[in-house]
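Peer 1: sequence first, then the predicted structure, then my questions.
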Amino acid sequence: MKKRVLIIEDEESIRGFIKINFQRNDFLVFEAVSGEEGLEKVNKESPELIILDITLPGMDGYKTCEILRKDFPNLGIIMLTARGQDMDKIMGLEYGADDYMVKPFNPLELIARANSLLRRMNNNESKNLEQLISGCFTIDILSMKVYKDQQLLDLTPKEYLLLKTFMENEEKAFSRDDLLNLVWNYDYFGDSKIVDVNIRRLREKIEDTPSKPKYIETVWGFGYRWKKR
C-alpha cells in the first residue's frame, strides 16, 4: 500500500516540485494551498504525513500545525522554513512539528526524513509487551495510548517514543545524541536542540509542575533520565 502524504504549500512551483519527488518514491500525494484547505484534506484523505509550509495565506503554518497536532496526534508533520530563520524552526517544533526543512532543500533529503519519520511511527510497537507501567504511567503498546493516573494523555508520536524509551529504561541517563539515535533514528539530519524542545513539551503534559520536573530529570551537562517512582 502506498504511503499517503499531504503537501500544504501555496507556491505552486514548490508544491509541484515536492509532489513530483514524492510520487517518484511511490507516495500517494494530496495537495492544499492553505491551512484551511489542508485541514479539510486531512479529514477527507487521511494522510500519514504532512509537509507544511509556515507562510500560508489566511491561517499560517503555526496555527495549522497546532490544530493538526491537537486533532490528529498520530500524524507526522514536517515543516518548511525560510533559510536562516532559527526562530521559525523553534516555533514549528513548539507547535508540534516532528521535523523541519530549510528552503531551498535537497528533495532527496526531504524524502529521507519523511521515510525516517514514518518508520519510527510504524515500528514503535513492542515485540513482547502489551503494557508498559512505571509509577502512575501506563502505556498501552498495541493502541499507542498513554495514561497518567488512568487519564489519557494527548502525546505526539515523538513525545510517545520519548516517554516509551524512558519508561523502558528507568533510572538510565540518556545523552541528547542517544535520544536522537533512538527516537529520531540514525538518519536524522537535524541537531540536538530538537530533543530539548520535545522534552520541554513532554514535561508540560506529564509533570505536575513542569518547571520542577520529578519524572524526567535533567542530567546536567549530559542529557535526561527517567526517575522511577
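Peer 2: Looks like it arrived, so ask away.
Peer 1: beta partners of the residue lying closest to Gln23 once chain neighbours are set aside?
Peer 2: Ranked by C-beta to C-beta, 6 or more residues apart in numbering and with sequence neighbours excluded, the top spatial neighbour of Gln23 is Val29, at 5.7 Å. (Glycine included, C-beta is placed from N, CA and C.) On the basis of DSSP bridges, Val29 is bridged to Val5.
Peer 1: before we move on, what about Asp140?
Peer 2: Beta bridges link Asp140 to Gln131, Lys145, judged by DSSP bridges.
Peer 1: what is the burial count for it?
Peer 2: Neighbourhood size, Asp140 [other C-beta atoms under 10 Å]: 13.
Peer 1: hang on, it packs against Tyr147?
Peer 2: Yes. Counting by C-beta atoms under 8 Å, Asp140 touches Tyr147, with 7.5 Å between them.
Peer 1: who touches stretch 60-71?
Peer 2: For stretch 60-71, the external contacting residues (C-beta atoms under 8 Å, 6 or more residues apart in numbering) are 8, 35, 38-39, 42, 50, 52-56, 75, 77, 79-80, 91-92, 95-97, 154, 156.
Peer 1: one step back: would you check how far apart the residue nearest to Gln23 and Leu6 are?
Peer 2: According to C-beta to C-beta, to the nearest Å, Val29 and Leu6 sit 8 Å apart.
Peer 1: more crowded one of those two?
Peer 2: Leu6 (26 against 20).
Peer 1: let me see the contact set for Ile51.
Peer 2: Here Ile51 is in contact with 5-9, 18, 78, 80, 110, 114 (C-beta under 8 Å, 6+ apart).
Peer 1: for the most centrally placed residue in the chain, report the pLDDT, please.
Peer 2: Residue closest to the mean C-alpha point of the chain, counted by C-alpha atoms, centre = their mean, is Asp98 at 2.6 Å. Looking at Asp98, its pLDDT reads 88.
Peer 1: likewise for Pro157?
Peer 2: In this model, Pro157 carries a pLDDT of 88.
Peer 1: now it: closest residue in space that isn't a chain neighbour?
Peer 2: That would be Met121: by C-beta to C-beta, 6+ apart, it lies 5.0 Å from Pro157.
Peer 1: how close does the one you found get to Tyr95?
Peer 2: Distance from Met121 to Tyr95, by C-beta to C-beta: 18 Å.
Peer 1: got it, and Leu52?
Peer 2: From Leu52 to Tyr95 the distance is 10 Å (C-beta to C-beta).
Peer 1: quick one: which of those two has more around it?
Peer 2: The residue with more neighbours, out of Leu52 and Tyr95, is Leu52; 27 against 21, by other C-beta under 10 Å.
Peer 1: from what I see, that one and Arg15 are in contact.
Peer 2: No. The criterion here is C-beta under 8 Å, and Leu52 misses it with Arg15 at 11.6 Å.
Peer 1: per-residue confidence for Gln85?
Peer 2: Gln85 is assigned a pLDDT of 64 by the prediction.
Peer 1: buried ones in the host helix or strand of Tyr62, by neighbour count?
Peer 2: For Tyr62, the enclosing helix or strand under DSSP states H and E is helix 61-71. Residues of helix 61-71 classed as buried: 61-62, 64-65, 67-69 (neighbour count, 16 or more other C-beta atoms under 10 Å).
Peer 1: any weak-confidence spans in the chain?
Peer 2: 83-86, 88-89, 122-129, 185-192 (pLDDT under 70).
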